[in-house]
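In: Below: sequence and its predicted model.
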Amino acid sequence: MNPHGQVFVVTGAGSGIGRALSHTLAAKGALVAACDVNETAAKETVAALPTGEHRAFAVDVGDREAVLGAAAEVIAQFGRVDGVINNAGVLGQLAPLSELGWEELEFVVRVDLWGVIHGTKAFLPHLLARPEASLVNVSSFAGLMGTLGNSAYFAAKFGVRGFTEAVRSELRRTNVTVTAVFPGVVKTNLAASAPTYTEEERRRAVEIYHTQPGITPEKAAARIVGAVEKGSPRLLIGPDTWFVDKLVRLMPARSDRLIGGAVRFAANRQRPDGRKLF
C-alpha cells in the first residue's frame, strides 16, 4: 500500500513512536489524523508536520465511546480512512503482582488491549469500504513471551497479538492488510506512564529505560511504514525482539530464566529507595 494521498489514523501520536509515525507518513504524502489522550501534544505533532490537511484529535483509546466519537469525527473531516495504526500504549510499573494495585492493572489493560480493540472495531467498517486499506496493531516483544515485571502489560500485549492474528484471519479475503508489530526497547518516555509513580520515580524510570540498548522512534516508525508498504503480516523491531523471538522458539523452557534476570536487574535499579522488588 502506497501511503501517498491516503488518510492514516495514528493513536498515541502525541509522542514517541506515534509522533515519529505521523512525521514519516506525512513525509510520504499521507494525510494524518493524529490521535492522543493529550490534545496539546497531538496538536504539537500536527503543527510540525509538512504542509497538508492534517488534523489532531483528543481521544482516550481506553474509552469506547470516545473512540467511536473520534472515528465519526475523522470521517466527517476527511471523508474516508485508508489506514489505522493502533500504537497508543503504556507500560506501568515494573513490579510483582503483589505490589500492583487494581487501578494500575486495569489502567494498563484498558489502554494497551482495549485501546487496540476499540480502534480496530470502530474503524474497521471504514477500512472495508476502501479499495485497499491497512490495519496495524502494535504489540511488543512482551507479546512473544511472559516474564517477571508488570504482569498486566504482558497480558495486554499477548492479547494484542492474539486479537490481531484472529482479525487477520477473518480479513484474509478482504481488501484490508493486517500487520502485528513487536517492538523491543525504543527510546521513548513509555517507562514514565505508570499512574502511581511519583515524579522522582517517573524521572528515574525514564532515565534507566534510556540506558537500555534500543532504537530511536524514527527508526521504529520507518520500519512500521515499510511494513505497511510491503503488506507484511508480522514485524519484529529491534535486536532484542529478534533475540526473544528466537530464544522462545529454540529454548522455551529456559527463556524465562534468561530474560527474567535482565528484567529483574532493570526493575530493581528503578527503585529510588533501593528496595529490591524481585
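Out: Nice, I can see it. Numbers count the residues shown, from 1 in each chain.

In: Now do the spatially most central residue of the chain, the pLDDT please.
Out: In the chain, the C-alpha closest to the average C-alpha coordinate belongs to residue 87, at a distance of 3.3 Å (Cα atoms, centre = their mean). According to the prediction, residue 87 has pLDDT 98.

In: thinking it is in contact with residue 19, fair?
Out: No: counting by Cβ atoms under 8 Å, residue 87 stays clear of residue 19, with 9.8 Å between them. Placement of C-beta: from N, CA and C, glycine included.

In: which residues do the two both contact?
Out: residue 13 (Cβ atoms under 8 Å, 6 or more residues apart in numbering).

In: Do I have it right that residue 113 meets residue 159?
Out: Yes: between residue 113 and residue 159 there is a contact under Cβ under 8 Å: 4.4 Å.

In: And the two? Which one has more around it.
Out: residue 113 (23 against 18; other Cβ atoms under 10 Å).

In: number of nearby residues for residue 230?
Out: By other Cβ under 10 Å, the residues close to residue 230 number 12.

In: now it: how far from residue 136?
Out: 12 Å (Cβ to Cβ, to the nearest Å).

In: same check, this time on residue 5
Out: 18 Å.

In: of these two, who's got more company?
Out: Higher neighbour count among residue 5 and residue 136: residue 136, with 24 against 10, using other Cβ under 10 Å.

In: Buried residues in the strand or helix carrying the more buried one, which are they?
Out: According to DSSP states H and E, residue 136 maps onto strand 133-138. Of all the residues in strand 133-138, those buried under the rule 16 or more other Cβ atoms under 10 Å are 133, 134, 135, 136, 137, 138.

In: Could you do stretch 67-80 as well?
Out: Counting neighbours by 16+ other Cβ under 10 Å, stretch 67-80 gives 67, 70, 71, 73, 74, 75, 78 as buried.

In: Could you list the residues in contact with the helix or strand encompassing residue 242?
Out: Using DSSP H and E, residue 242 maps to helix 239-250. Residues from elsewhere that reach helix 239-250 (Cβ under 8 Å, 6+ apart): 141, 144-145, 182-185, 213-214, 236, 255, 258-259.

In: can you dump the C-alpha coordinates of it into PDB?
Out: The C-alpha trace of helix 239-250 is given here as PDB (Å, rounded to 0.1, in the frame of the first residue of the first chain):
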ATOM      1  CA  PRO A 239      17.700  -6.800  18.100                       C
ATOM      2  CA  ASP A 240      16.200  -7.500  21.500                       C
ATOM      3  CA  THR A 241      12.900  -8.600  19.900                       C
ATOM      4  CA  TRP A 242      14.700 -10.800  17.400                       C
ATOM      5  CA  PHE A 243      16.600 -12.400  20.300                       C
ATOM      6  CA  VAL A 244      13.500 -13.000  22.400                       C
ATOM      7  CA  ASP A 245      11.700 -14.500  19.300                       C
ATOM      8  CA  LYS A 246      14.500 -16.900  18.600                       C
ATOM      9  CA  LEU A 247      15.100 -17.800  22.300                       C
ATOM     10  CA  VAL A 248      11.400 -18.700  22.800                       C
ATOM     11  CA  ARG A 249      11.400 -20.900  19.700                       C
ATOM     12  CA  LEU A 250      14.700 -22.600  20.500                       C
END
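
In: averaged over its residues, what pLDDT does it have?
Out: 90.

In: Kindly report the same for stretch 157-169.
Out: On average, stretch 157-169 scores 98.

In: how about it: buried residues?
Out: Within stretch 157-169, judged by 16+ other Cβ under 10 Å, the buried ones are 157, 158, 159, 160, 161, 163, 164, 167, 168.

In: Go through those residues and name the one nearest residue 128.
Out: residue 167 (11.7 Å; Cβ to Cβ).
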